[in-house]
Structures are given as C-alpha cells and as structure tokens.
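Visitor: sequence first, predicted model second:
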Amino acid sequence: MRRKIALKPITLLLLLLTFVSYGKEQHGHGEAKTDKKSEVDAFIAHHLKDSYDFNLFSWTTEEGVEKHFGFPLPVILWDNGLKVFSSSKFHHGEEVAEVGGSYYKLHHSKIYKVDGPNGEIVEDEHHHAVNEKPLDFSITKNVALIIMVFAIMFFMFSKMAKSYKKNNGMPKGMGRFLEPIVLYVRDEIAIPNIGEKKYKKYMSYLLTVFFFVWIVNLFGLVPIGMNVTNNIAVTLCLALITYVITTFSGNKDYWKHIFWMPGVPVPMKIILAPIELLGTFIKPFALMIRLYANITAGHVVLMSIIGLGFLAKNFIGTPLSLVLAFVLSILELLVAALQAYIFTVLSALYFGMAVEEHDHH
Amino acid sequence: MEIPAIVGAGLVVIGAGIGIGRIGGSAMEAIARQPEATGKIQTAMLIAAALIEGIGFAALFAVN
C-alpha cells in the first residue's frame, strides 16, 4: 500500500519534468533570433537527427554566445588508420578538429575531412558537400542509446532468469512484471502465427525485438530527447534480420509457392513468380518504413504542437498547446507499445509463412 | 516538391484513412455481435490497419 502512495508523486514529478525540459529546450533556442517559426523548424529537424554529442539542452546568453549543456561521445574514424578522439574537439560543430595530422569538420551532423585548421566545406550546386568522408564507426547518440538499452535488457532478463532459480519456479520482482508480457508474446503472437510445433526456435528473436523496440520507443519519449527508431538505419537492420530469418527458415513449400504457385494455370504461374519474389522484399521494407515513419511522425507532431505554444504566446494558445502535447504524449506511449507489437506480430507472421506445411490434395 | 506530388500523397492518405476507418468500424460491429471474440478481432484489426498505414507512409515518403 505504501508503495502505491509513493508512486503517485514520483510519476507526477516525472511528468512535470518532461514539460520543464521540453520547455527549456524550446525557450533557449527561441530568444536569439527574431524569426521564431524557422527556429522551431530547425529545432525539430535537429531533434530528429543523430549527433556526435549528448546535448541535453542549449541556450544563448544575453551577449549572444551559444552555451551547451551535455557531454561528448567518442568519435571513431578509419582514415589511413584508426583515429579515436572525443567529439568535444568539434566544439559543437564550430571548430575544426585536428587528429594526428588530419583535420575534420562537422557539417550537417556528418564528419568531413578538410585541408587545414581553417579548412572549409566545399559544396556543389545541390548543396551537397564534396569533401572526402572518412569511414565512421563513432559511438553517436543513437549507438550510445542502443548500448544502454542492451545493458538494461541484459540486466532485466538475467535478473528474471535468476529469480526463477531462487524461488522454485516463482518469479519475483522484475520477473513478476515481465512474465505476463513474455507469456503474451508466446501465447498470442508466436503460437497462433507460427504454429505449436515450430514456434520455439523463433521465440528468442521475437522476444528480443519486442522488448528492444518497446524500450527504445519509450526512451524516445523521455525529456533527454534520444530516439533511435526514427533513424531509418536502425529499423533497416531490424527488418533485415527478419528478412534473413524468414529466408533461411523457408521450407520447400515456401519456395514452391513463390516460384511455382500450385493450383493455378501455367501462364498465371509465370506472372505470379516475379510478383511473389518482389513480395518477399516488400514485406520487410514495409516493416522498416512503418516503424520509422510512425515514430518520426509522432515526434514531429508532438514537437510542432509544443512549438505552437511558443509561437502563439498568449493565454489561450499556449495552454492549449500544452494540453494537446500532454494528450499526444499519452497517445505516443500507446504507439510505442503498439509499434513493438505490430513489428513482432508481422515478423511472426512471415516466419509462419516460411515454415508452414501445406497439405497437398 | 511539386504540387501534383503533394496532391497525390494527400489522396493516398485520404484513401488510407477511409480504409482504416472501415476496418475500425467493421471491427466494432464484429465485437458488438460477438463480444467473446474481442481479442482475436482486435489482433486482426491491428494487423490490417498496420498494413494500410504502411501504404500511407510510403506515399508520404515518396513525396518527401
């Protein structure tokens, strides 16, 4: 009972914190320039991008100096040898970093090589930089968050597994929270879609992808403003794993239904084969786009509505935008779980198609 | 960005909206008729809605 009472103020505090931090970010940016609308636009675009440092918030002082609060992340480059340095050398993109005789500069959140300490980025007529780009293996904000989620998941599930051993098969603590979700994934997602006999092989992937997407989406909603699933490379990798597993677990029937569909006339078979083959690529492609677009759209809408509050600046518009932002945040909480669920269900569906055994008449 | 492309994307989004609306409506009717099958109907509804949503997003990104 006591726990329950204590939880409420904590939740309330966290909620308030969300608004405070969002507000701070916007406020700090909006003071220096007069054109607030483009300011908000730039802020949203910046928010959606990956970056080389963990910038919690930044503001401009009265003298017009930009101040940043956050911490740098390691930059790892392969450019005639391994080069590792801290992203603080870039001074938030304002300065050229000098490492082992080479010079690097940030341009639109990407690292380019420049000639000297005063080197400039050269742009072609389409505003694409033509400078040489070194191979980039940096621990960016997204990578840092993925590693963090990995650590959290490892901690959560190893603790859950241990609690089963200790209490003779009864989960405790973290396990008690996770067990229903794991069982839900097994009983409602894996077994109906893949089948009683073969679902076990795919459970590890389905559980991993479900919890990974869910936790990562939830992290996208906390005020520190790091989101991974609005980076299309991340969702591409997830979809690629689904594609590889589907392709490699496809049995004879699966391939037969793609290349030589049984039960239709021969001319139809020839037409169907390329369409079905294309379908195998479109399925994971749709998975990738769906997750990426949903999360990106959610963030853009949420931040635009918060931005409206700063544009309106009156007693009706600003509170209204805050209320709308609050409602949308709750909706985004639902979307975070829903997208994890959809991704898992569709993956399971594709695996089920690959291993399904058809009865031949 | 050209105006025909934007209008086309808008049309696709309207179509996707109508489609998802119909799915939701039909699911409601089905649940009202057979409340004991709510879970199964919801699952099928979500999957179908997600597939249509994918097309809507594809159109939006084609414009982008």
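Guide: Structure received.
Visitor: any idea how far A:Asp35 is from A:His299?
Guide: Distance of A:His299 to A:Asp35, computed by Cβ to Cβ, to the nearest Å: 22 Å. Just so you know, the C-beta spots here come from the backbone N, C-alpha and C atoms, and that holds for glycine as well.
Visitor: up against chain A, what does chain B have?
Guide: Neighbours of chain A within chain B, by Cβ under 8 Å from any Cβ of the partner chain: B:Gly39, B:Thr43, B:Leu46, B:Ile47, B:Ala50, B:Leu51, B:Glu53, B:Gly54, B:Phe57, B:Ala58, B:Leu60, B:Phe61.
Visitor: for the fifth one, give me its contacts.
Guide: When contacts are counted by Cβ atoms under 8 Å, 6 or more residues apart in numbering or on different chains, B:Ala50 is found next to A:Arg290, A:Ile342, A:Leu346.
Visitor: around A:Ala161, count how many other residues there are.
Guide: When neighbours are defined as other Cβ atoms under 10 Å in any protein chain shown, A:Ala161 has 11 of them.
Visitor: identify the residues contacting the nearest residue to B:Ile47 once chain neighbours are set aside.
Guide: Leaving aside its sequence neighbours, B:Ile47 sits nearest to A:Val345 (Cβ to Cβ, 6 or more residues apart in numbering or on different chains; 6.0 Å). By Cβ under 8 Å, 6+ apart, the contact list for A:Val345 reads A:Ile189, A:Asn193, B:Thr43, B:Leu46, B:Ile47.
Visitor: so the residue nearest to A:Pro74 when sequence neighbours are not counted, which state does it fall into?
Guide: Distances taken as Cβ to Cβ, 6+ apart place A:Ile139 nearest to A:Pro74, at 4.9 Å, with adjacent residues excluded. Judged by DSSP: H, G, I helix; E, B strand; the rest coil, the three-state class of A:Ile139 is coil.
Visitor: do the same with A:Asn131
Guide: Applying three-state DSSP: A:Asn131 is coil.
Visitor: next up, the contacts around it.
Guide: For A:Asn131, the contact set (Cβ under 8 Å, 6+ apart) comprises A:Lys105, A:His107, A:Tyr112, A:Lys113, A:Val114, A:Ile121, A:Val122.
Visitor: could you find the closest non-adjacent residue to it?
Guide: Spatially, and ignoring its direct neighbours in sequence, A:Asn131 is nearest to A:Tyr112 (3.9 Å; Cβ to Cβ, 6+ apart).
Visitor: which strand or helix spans the one you found?
Guide: strand A:110-114 (DSSP states H and E).
Visitor: so what's residue 24 scoring on pLDDT?
Guide: Unless you meant another one, I'm taking chain A. pLDDT for A:Lys24: 43.
Visitor: sorry, should have said chain B
Guide: 94.
Visitor: then A:Lys200?
Guide: 90.
Visitor: for the closest residue to chain A within chain B, which residues are in contact?
Guide: At 3.7 Å from chain A, B:Phe57 is the closest residue in chain B, using Cβ to the nearest Cβ. The contact partners of B:Phe57, by Cβ under 8 Å, 6+ apart, come to A:Ile289, A:Arg290, A:Ala293, A:Asn294, A:Ala297.
Visitor: just give me how far stretch A:208-228 sits from the chain centre.
Guide: With Cα atoms, centre = their mean, to the nearest Å as the basis, stretch A:208-228 stands 6 Å off its chain's centre.
Visitor: may I have it exported as CSV, CA atoms only?
Guide: This file holds the C-alpha atoms of stretch A:208-228, laid out as CSV (Å, rounded to 0.1, in the frame of the first residue of the first chain):
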residue,chain,number,x,y,z
THR,A,208,14.2,-9.6,-28.2
VAL,A,209,12.7,-7.5,-31.0
PHE,A,210,9.5,-6.8,-29.0
PHE,A,211,11.3,-5.6,-25.9
PHE,A,212,14.0,-3.8,-27.8
VAL,A,213,11.6,-1.7,-29.9
TRP,A,214,9.3,-1.1,-27.0
ILE,A,215,12.1,0.1,-24.6
VAL,A,216,13.8,2.2,-27.4
ASN,A,217,10.4,3.8,-28.3
LEU,A,218,9.8,4.6,-24.6
PHE,A,219,13.3,6.2,-24.4
GLY,A,220,12.3,8.4,-27.3
LEU,A,221,9.6,9.9,-25.1
VAL,A,222,11.8,10.9,-22.1
PRO,A,223,13.0,14.5,-22.0
ILE,A,224,16.6,13.8,-22.7
GLY,A,225,15.4,13.5,-26.3
MET,A,226,17.2,10.5,-27.7
ASN,A,227,15.3,8.3,-30.1
VAL,A,228,16.6,5.5,-32.1
